[in-house]
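In: need a 3D model of the sequence below.
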Amino acid sequence: MKFLKQFSIIVLISFLGELLHYFIPLPIPASIYGLILMLLGLQTKIIPLDAVFDASIFLIDIMPIMFIPAAAGLLDSWGLLKPILIPFAVITVASTVIVMALTGKVTQFFILSSKKKGGKKNERNN
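Out: As a prediction, the model looks like this:
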């Protein structure tokens, strides 16, 4: 019953995102509206974390399985993809490496900056 309630909350937020997408004429996907609504709800404590925690962990756990239908759908488009397979693969690998490197650098920057701030606070307290 707990999962049903939690999934209902997540589906309701997704539905509200769909409504916003319908009524607001911006080129923003409905899922983004839903994510923003969920973030605002969690940050303002309108939606307690416990109200969606277990269902969200379950959804994250099964996320890789959700990509299987999309990958299988690519098989139907093999005739269109075959001529551009090499450029597509190169772009995919290059962009993945760039995103991973950039994410690592940004994370290192924030970790080092937080350590420097923490170190200065500790020096003042001693």
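In: can you list the buried residues in stretch 32-49?
Out: Within stretch 32-49, the residues scored as buried using 16 or more other C-beta atoms under 10 Å are Tyr33, Gly34, Leu37, Met38, Gly41, Ile47. Quick note: C-beta positions are derived from backbone N, CA and C, even for glycine.
In: nearest residue to the second one in space, ignoring adjacent ones along the chain?
Out: Distances taken as C-beta to C-beta, 6 or more residues apart in numbering put Gly17 closest to Gly34, at 2.8 Å, once the chain neighbours are dropped.
In: what of the fifth one?
Out: Using C-beta to C-beta, 6+ apart and skipping residues adjacent in sequence, the residue nearest Gly41 is Ile47, 3.7 Å away.
In: check the fourth one too.
Out: Sequence neighbours aside, Ile13 is the residue nearest to Met38 in space, at 5.0 Å (criterion: C-beta to C-beta, 6+ apart).
In: on that earlier part again, does the residue nearest to Gly41 count as helix, strand or coil?
Out: Judged by DSSP: H, G, I helix; E, B strand; the rest coil, the three-state class of Ile47 is coil.
In: roughly how far does it sit from Ser8?
Out: The gap separating Ile47 from Ser8 is 12 Å, by C-beta to C-beta, to the nearest Å.
In: list the helices and strands the helix or strand encompassing Leu39 packs on?
Out: In this assignment (DSSP states H and E), Leu39 forms part of helix 30-43. Using 3 or more C-beta pairs under 8 Å, 6 or more residues apart in numbering; DSSP states H and E, the elements in contact with helix 30-43 are helix 2-23.
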